[in-house]
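Novice: Generate a structure from the sequence data that follows.
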Amino acid sequence: MLSGAITAERRIPFEGRGLTRTQLQTLFVVAHDRRPVTPNRLATSLGVTPGAVTQLVDGLRNENLVQTVANPDDARSRFIQLTSVAVEEVTRFEASTVERLLPLFDVLTDPELTAAATALTQLVENS
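Specialist: Here you go, the predicted model:
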């Protein structure tokens, strides 16, 4: 039911830009990974080759959605970050999705919501 509710509204982030599904996945991985995202880390997360990551990042850089910065601990390595434009769009999209889905959780008690949040946190930390 929750999956259906999430996808019911056919709005997607970055509409009008013609981004691929993998480019959208890239943006959300970069937005939500708790550690700095390197090209190799992104390739592993998406299940693609490092060459594919180069193409993904180049396309997203051309759209002004990501930038790369030097790793302060290893000058040979780069981190992929969202631009301020991308951060704003991800934040706006996620806030509107949460607002739309919030009424679905009204049937849960506070302890049930806490248990669900705890379970989801464990899933994220163990993935």
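Novice: Quick check, Ala86 in contact with Phe28.
Specialist: No: counting by C-beta atoms under 8 Å, Ala86 sits too far from Phe28 to count as a contact (10.1 Å). For every residue, glycine as well, the C-beta is placed using N, CA and C.
Novice: Neighbour count: the two, which is higher?
Specialist: Here Ala86 and Phe28 are compared on neighbour count by other C-beta atoms under 10 Å; more neighbours surround Ala86, at 21 against 14.
Novice: so that one is in which element?
Specialist: In the assignment (DSSP states H and E), Ala86 maps to helix 84-101.
Novice: what comes up buried for that helix?
Specialist: Within helix 84-101, the residues scored as buried using 16 or more other C-beta atoms under 10 Å are 86, 89-90, 93.
Novice: Can you give me the buried ones in the helix or strand following that helix?
Specialist: Next helix or strand after helix 84-101 toward the C-terminus (DSSP H and E): helix 110-125. Judged by neighbour count using 16+ other C-beta under 10 Å, helix 110-125 contains no buried positions.
Novice: so how far is stretch 99-116 from its chain's centroid?
Specialist: 23 Å (C-alpha atoms, centre = their mean, to the nearest Å).
Novice: Kindly report the same for stretch 54-63.
Specialist: With C-alpha atoms, centre = their mean, you get 16 Å for stretch 54-63.
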